[in-house]
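# sequence? don't have it. structure:
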Ligand SMILES: NC(=O)c1ccc[n+]([C@@H]2O[C@H](COP(=O)([O-])OP(=O)(O)OC[C@H]3O[C@@H](n4cnc5c(N)ncnc54)[C@H](O)[C@@H]3O)[C@@H](O)[C@H]2O)c1
């Protein structure tokens, strides 16, 4: 089975730009369907392979256009979405309509047209888990609910054991952990997963669901809250972190994410497979923001503006993300290549170059 013709929906975004460049370099014919007609990371596309990529500026809910593209494709990397939990708080309608309406359109096309699509790789998110799995010394593995009210136990921001109220620590959240995410974004990702799983089972299409951690790298969206850390560091201003700054996220670098997408295509896995595509590591936001400030200080030869803490709390915010990523490593033979400090230095470098070109640094 070969995948000569590739469709990437949302392929001009962060993950899509890097993936398009790598696929074209490997000789695939790449079609990118995206709202934006330009790559957010043009430098991810080597000039010598530009002719292998066609960008079609359009909407995923354009039935006729989607049908034409699907009918020419062997594999679809489905990356188009309204992205990020924070944005969905103010724009629930947009997130639900876009993420689910577009998925529904793809399903209709897959069911109605005579296509040859053999594999779909769906970009989902570890936000589907909500608070994830924790360990309680008395009760074992537990699932605390999301924190909607501020109930600090023993002075800690961590959720308490939902059974006995003791202090608990993050444990590995695996692919078969129940998906307890309740944010609008998480709910759209859960529904996308279910809609695609049912459809691919019905139609006999192989499906890989990739639950990404927080993906960062050159080209990340200006709406990404972590891009804000870069903006502040560049301006010599301290980022202000909520809670005690020790809330953690699983940061994954875009090149590792792209490698996982390529590897799963090469493996030609059959059936429905769900993977955490994450680093398996969690990093406190204060450490992340401090590293960005320090790297920026070094890049600009300035004193870094270190983060401060305001002790505020956003109801419903996940406290810790701690996922197990052994399944994707076993399936592909890959482990993330970039460590956090190396990845951040790469990110800072990209950001400073971009701002210098724009005359802002
Ligand atoms: N970046 C992350 O940290 C992260 C984390 C978890 C999951 N994901 C998932 O991975 C996928 C890709 O993320 P990304 O970071 O590359 O996002 P991105 O925002 O950089 O790119 C998404 C692209 O999709 C396009 N798009 C959105 N809706 C569209 C529509 N209806 N029709 C056509 N184009 C549309 C956007 O214009 C954008 O170019 C998304 O499904 C996202 O939910 C990303």
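On my side now, so go ahead. Nothing here was measured: the structure is a model prediction, and the numbers come from that model. Numbers count the residues shown, from 1 in each chain.
# If you count contacts, what does the helix or strand bottoming out on mean pLDDT in the chain end up packed against?
Using mean pLDDT, DSSP states H and E, the weakest-scoring helix or strand in the chain turns out to be helix 85-90, at a mean of 73. Packing partners of helix 85-90 (3 or more CB pairs under 8 Å, 6 or more residues apart in numbering; DSSP states H and E): helix 184-203. Backbone N, C-alpha and C define where each C-beta goes, glycine included.
# mind listing what's buried in the helix it packs on?
184-193, 195-196, 199-200 (16 or more other CB atoms under 10 Å).
# domain parsing for this structure?
Per automatic domain parsing, the structural domains of the chain span 5-133+172-357, 134-171.
# Nearest to the ligand, out of those domains?
The ligand lies closest, by CB to the nearest ligand atom, to one member of the domains of the chain: domain 5-133+172-357, at 1.8 Å.
# and the stretch 1-150 of the chain, which of its residues are near the ligand?
Taking CB under 6 Å from any ligand atom as the contact definition, the stretch 1-150 of the chain meets the ligand at 10, 12-16, 33-36, 40, 59-61, 79-83, 98, 102, 123, 125.
# Those residues in helices, which ones?
Residues from those lying in helices, with DSSP state H as the criterion: 14, 15, 16, 98, 102.
# Can you go through the residues you listed and name the buried ones?
Buried members of these, scored by 16+ other CB under 10 Å, are 14, 15, 16, 98, 102.
# Give me the spatial nearest neighbour of residue 168, chain neighbours excluded.
Leaving out its chain neighbours, the residue that sits closest to residue 168 by CB to CB, 6 or more residues apart in numbering is residue 134, at 4.0 Å.
# residue contacts, the one you found?
Residues counted as contacts of residue 134 (CB atoms under 8 Å, 6 or more residues apart in numbering) are 141, 142, 143, 144, 159, 161, 168, 169, 170, 171.
# Correct me if wrong: the fourth one contacts residue 165.
No: Residue 144 lies out of contact with residue 165 (CB atoms under 8 Å); the separation is 10.5 Å.
# If you count surrounding residues, which of the two has more?
More crowded of residue 144 and residue 165, by other CB atoms under 10 Å: residue 144, with 21 against 14.
# if I pick that one, what's in contact with it?
Neighbouring residues of residue 144 by CB under 8 Å, 6+ apart: 131, 134, 159, 160, 161, 162, 168.
# Surely the third one touches residue 145?
Translated: residue 159. Yes: in this structure, residue 159 is within contact of residue 145 by CB under 8 Å, at 7.4 Å.
# Overlap in contacts, those two.
Taking CB under 8 Å, 6+ apart as the criterion, residue 159 and residue 145 both touch residue 131.
# Between the two, tell me which one has more neighbours.
Legend: neighbour count by other CB under 10 Å for residue 159 and residue 145, higher for residue 159 (22 against 11).
# OK, contacts around the more buried one?
For residue 159, the contact set (CB under 8 Å, 6+ apart) comprises 131, 134, 144, 145, 147, 168, 319.
# Same list, the buried ones among the ones in helices among the residues of the stretch 1-150 of the chain next to the ligand, but as JSON lines with distance to residue 360 please.
JSON lines is the format used below for those (distance: CB to CB, whole Å):
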{"residue": "14", "distance to residue 360": "20"}
{"residue": "15", "distance to residue 360": "25"}
{"residue": "16", "distance to residue 360": "25"}
{"residue": "98", "distance to residue 360": "30"}
{"residue": "102", "distance to residue 360": "34"}
